[in-house]
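1. whatever this is, show me its structure:
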Amino acid sequence: MVKEETPFISPVRKALIPLAGLGTRLFPASKAVKKELFPLITPDGRCQCLLQRLLEEAFSAGVEELGLIVRPGDEALFDSLFKPLEKAVYARLDEQARAEEELLVSYGRRVSYIRQESQEGLGHAVYCARQWIGEEPFLLMLSDHIYVSSGKLSCAQQLLQAFAANGGQSVLSLYPVAGEMVRHYGSATGKWLQGQNNCLQIEKFVEKPSLELARTQLRMSALPPDNFLCIYGQYALNAEIFALLEKQICDNERERGEFQLSGALAKLARQDRLLGYVVEGEHYDTGQPRAYLQSLLGFAHLETVRHTKGGGHEETRRDTKTH
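-> Sure, this is the predicted structure:
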């Protein structure tokens with residue numbers, strides 16, 4: 001008799017996706033269409049928008065409610081994704097498209113809009129959700145990524161399992177990056193937790209370090225030379241982050257003219273209150289024109305090929321990512 005697995009119950013009920021960015025790197029297309037509504041082609045040939053993919057990622061992890069942080073007036077633009085189609089249009093959809101339409105409408109019932117009145121950085125955007133989050137932990141996902149798991153669990157679910165397994169301590173998702181790319185990402189180093197070969201206590205966190213700084217301060221054991229752990233774009237955070245962000249804002253502590261989340265994360269790391277989890281998966285950057293093009297091609301050609309061996313099934317993943 002096969003023993004049934006106990007279903008995973010998420011310790012996190014709420015998720016945030018910041019959508020209030022100006023999209024200047026994708027201008028002028030972003031003038032007509034919000035960048036999170038840009039299209040992508042899934043490996044099985046469906047045409048989705050980036051936001052739909054993010055919603056699927058969040059809800060796959062057991063999240064119940066999702067907050068979209070938006071510029072005032074943009075609610076209607078995003079709400080168009082969740083409003084039911086006219087009956088005449090719905091009638092012309094095929095069966096699969098109808099199922100997706102019904103799923104999107106159901107997502108809309110679980111979505112709230114949180115206004116960011118002025119765009120003053122990611123830390124400021126997250127702080128705008130303080131009242132909506134309350135004292136709960138939450139999942140934060142950046143909107144300019146496509147997240148792809150290489151295992152059975154989605155990337156977000158992996159992260160929330162690590163969050164639950166470590167007593168609800170704040171956790172960043174990480175992945176190894178070659179040295180020549182490290183200057184583009186927040187990067188971390190620390191000590192591997194005993195018995196957890198993919199989770200570490202973060203001791204130092206640096207936003208977009210130079211390769212020279214990474215080589216001297218951010219090296220990690222078990223990684224090849226000139227590879228470093230960088231943020232994957234997903235965070236499981238405690239509500240304690242809001243007190244740190246509030247102090248930054250009150251003290252006008254800005255980085256590059258904005259209130260950055262990285263400053264609060266660095267403070268958590270110095271207090272030994274921040275973990276890192278190396279995700280089993282890939283992510284595709286959609287925040288710049290060429291990266292968006294390369295990511296579209298890579299993600300669309302990501303295939304799972306099933307073949308039979310000795311009566312069993314084996315899955316082989318082919319990733320044609322070009323960046």
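2. show me where the stretch 151-300 of the chain has its helices.
-> With helices called from DSSP state H, counting those that start in this stretch, the stretch 151-300 of the chain shows them at 155-165, 211-217, 241-250, 261-270, 289-300.
3. what's the most buried one of these?
-> helix 155-165 (a mean of 23; mean count of other C-beta atoms under 10 Å). For glycine as for every other residue, the C-beta is placed from the backbone atoms N, C-alpha and C.
4. quick one: closest of the helices of the stretch 151-300 of the chain to L223.
-> Each of these was scored for nearness to L223 using C-beta to C-beta, and the closest is helix 211-217 (11.2 Å).
5. who touches that closest one?
-> Helix 211-217 has contacts (C-beta atoms under 8 Å, 6 or more residues apart in numbering) with G179, E180, V182, R183, S187, T189, K204, V206, P209, D226, F228.
6. make it 6 Å
-> G179, V182, F228 (C-beta atoms under 6 Å, 6 or more residues apart in numbering).
7. could I get those as TSV with distance to D44, pLDDT and neighbour count?
-> Below are these laid out as TSV (distance: C-beta to C-beta, whole Å; pLDDT from 0 to 100; neighbours: other C-beta atoms under 10 Å):
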residue	distance to D44	pLDDT	neighbour count
G179	35	91	16
V182	33	91	24
F228	33	95	25
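8. out of those, which is nearest to S118?
-> V182 (30.8 Å).
9. okay, the closest one and K152: tell me how far apart.
-> 30 Å (C-beta to C-beta, to the nearest Å).
10. select, out of the helices of the stretch 151-300 of the chain, the one closest to M141.
-> Closest among these, once you apply C-beta to C-beta, is helix 155-165, at 7.0 Å.
11. what packs against the closest one?
-> Judged by 3 or more C-beta pairs under 6 Å, 6 or more residues apart in numbering; DSSP states H and E, the packing partners of helix 155-165 are strand 171-178, strand 227-237.
12. below-threshold pLDDT in the stretch 201-323 of the chain: ranges please.
-> 303-323 (pLDDT under 70).
13. identify the residue spatially nearest to L140, adjacent ones excluded.
-> Distance criterion C-beta to C-beta, 6 or more residues apart in numbering; nearest residue to L140, sequence neighbours excluded, is Y235 at 4.2 Å.
14. how far away is that neighbour from L40?
-> 23 Å.
15. F82 too?
-> Taken as C-beta to C-beta, the span from F82 to L40 is 18 Å.
16. higher neighbour count, these two?
-> L40 (19 against 15; other C-beta atoms under 10 Å).
17. I appreciate the help and will end here.
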